[in-house]
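**Student:** the sequence and its predicted three-dimensional model are supplied below.
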Amino acid sequence: MRMSLAQRVLLTWLFTLLFLIMLVLKLDEKAPWNWFLIFIPVWIFDTILLVMLIVKMAGRCKSGFDPRNGSQNMKKKVWYLIAMLLKLAFCLALCAKLQRFTAMKLAYVFIPLWALLIGGMVELGYNIFYVRRD
């Protein structure tokens, strides 16, 4: 099943809206929920994205796949997978810190986010300066 761009945008807006509503309720102290519950829309959205990415990566293993065209595409998908895992690590560490499950310093909580941002800047620089334009 392939999702159209409109469906992906709508899904993104829906989960973002749900997360922001739950976050505002938590910050206004109207909902005494656990921080991990507040992030449920984020977890669901990330799970959908991870499943879609893994299915696309697994499609490379099917018979009849031409590997000559896919090496650059596969590198990009691996970067997306690493980025998703870094985002997941950041969200988990942030929830654990906010819920006071750990005495970890806040600077350590942000290490996966910083790695994700640095990786994004490297990818942007690569796409701007080193990718040939036809």
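**Tutor:** Perfect, I can see it now.

**Student:** any idea of the mean pLDDT for the longest helix anywhere in the chain?
**Tutor:** In the chain, assigned by DSSP state H, the helix with the most residues is helix 67-98. Mean per-residue pLDDT for helix 67-98: 85.

**Student:** do the same with stretch 116-127
**Tutor:** 92.

**Student:** now stretch 44-58
**Tutor:** Here the average pLDDT along stretch 44-58 is 88.

**Student:** what's it in contact with?
**Tutor:** Residues from elsewhere that reach stretch 44-58, judged by C-beta atoms under 8 Å, 6 or more residues apart in numbering: 3, 11-12, 15, 74, 77-78, 80-81, 84, 87-88, 91. C-beta here means a position set from N, CA and C on the backbone, and glycine is covered the same way.

**Student:** and the furthest pair within these?
**Tutor:** Phe15 and Met74 (27.1 Å; C-beta to C-beta).

**Student:** helices or strands next to the host helix or strand of Leu117 in the packing?
**Tutor:** For Leu117, the element it lies in under DSSP states H and E is helix 111-129. Applying 3 or more C-beta pairs under 8 Å, 6 or more residues apart in numbering; DSSP states H and E, one finds that helix 111-129 contacts helix 67-98.

**Student:** Val42 - nearest residue in space that isn't next to it in sequence?
**Tutor:** In this structure, Val42 finds its nearest non-sequential neighbour in Phe19, 5.6 Å apart by C-beta to C-beta, 6 or more residues apart in numbering.

**Student:** unless I'm mixing things up, the one you found is touching Trp43, no?
**Tutor:** No - applying C-beta atoms under 8 Å as the test, Phe19 and Trp43 come out as separate, 9.8 Å apart.

**Student:** spatially central residue in this structure, please.
**Tutor:** Centroid check for the chain by C-alpha atoms, centre = their mean gives Met84 as the closest residue, at 3.6 Å.
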